[in-house]
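>>> Return a 3D structure for these sequence lines:
(one chain, ligands or ions: 1)
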Amino acid sequence: MKVLCAWCVRDGKPAFLREKSPVSDVSETHGLCSDHFTSLRASVGQVMSSRRWLVSQMNDFCWGLTRWGQRLMGRLFSLS
Ligand SMILES: [Zn+2]
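Numbering: from 1, shown residues only. All right, here's what the predicted structure looks like:
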């Protein structure tokens, strides 16, 4: 599967992030690239300071969970 950054797609930028197993599956899924994920975390931290603990906790999560978060955020914010 191909993982594309939902925000880069929206902006018309090169959006390809990485391949995801199964590689033979040619369908696409959305996530956020590190640039957009960082800016999203920054804006979330500014707007919702009460949720800053969550943002800081996300920094400490393992890489796999960070990928899950990027994908989740991509789904949640792809239409905003
Ligand atoms: Zn992006």
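>>> residues in contact with the residue with the largest distance to the centre of the chain?
What lies farthest from the middle of the chain is S24; by Cα atoms, centre = their mean that is 22.6 Å. When the contact criterion is Cβ atoms under 8 Å, 6 or more residues apart in numbering, S24 has no partners at all. Placement of C-beta: from N, CA and C, glycine included.
>>> Give me the pLDDT for it.
S24 is assigned a pLDDT of 89 by the prediction.
>>> How about W63?
You'll see W63 listed with a pLDDT of 64.
>>> Compute the first-to-last residue distance for stretch 10-19.
The straight-line separation of the ends of stretch 10-19 (Cα to Cα, to the nearest Å) is 20 Å.
>>> same question but for stretch 5-20, I mixed them up
Stretch 5-20: ends 13 Å apart by Cα to Cα.
>>> can you check stretch 12-21 too?
Stretch 12-21 has an end-to-end distance of 25 Å (Cα to Cα).
>>> list the buried ones in that stretch?
If you call a residue buried by 16 or more other Cβ atoms under 10 Å, then stretch 12-21 has these buried ones: A15, L17.
>>> picking up where we left off before, and the gap between the residue farthest from the centre of the chain and the ion?
Distance of S24 to the ion, computed by Cβ to the ion, to the nearest Å: 26 Å.
>>> mind listing the helices for the protein?
Counting by DSSP state H, the chain has helices at residues 6-11, 34-47, 52-60, 63-77.
>>> most packed of those?
helix 6-11 (a mean of 18; mean count of other Cβ atoms under 10 Å).
>>> pLDDT (mean, whole number) over that helix?
Helix 6-11 comes out at a mean pLDDT of 93.
>>> can you list contacts of that helix?
By Cβ under 8 Å, 6+ apart, the residues outside helix 6-11 that reach it are P14, A15, H30, G31, L32, C33, H36, G74, R75, F77, S78.
>>> Quick check: the farthest pair among the residues you listed?
P14 and R75 (20.2 Å; Cβ to Cβ).
>>> now G74: how far from T66?
Separation of G74 from T66 (Cβ to Cβ, to the nearest Å) stands at 12 Å.
>>> now K20
Using Cβ to Cβ, we find K20 at a distance of 14 Å from T66.
>>> Same check on E28?
For E28 relative to T66 (Cβ to Cβ), the value is 20 Å.
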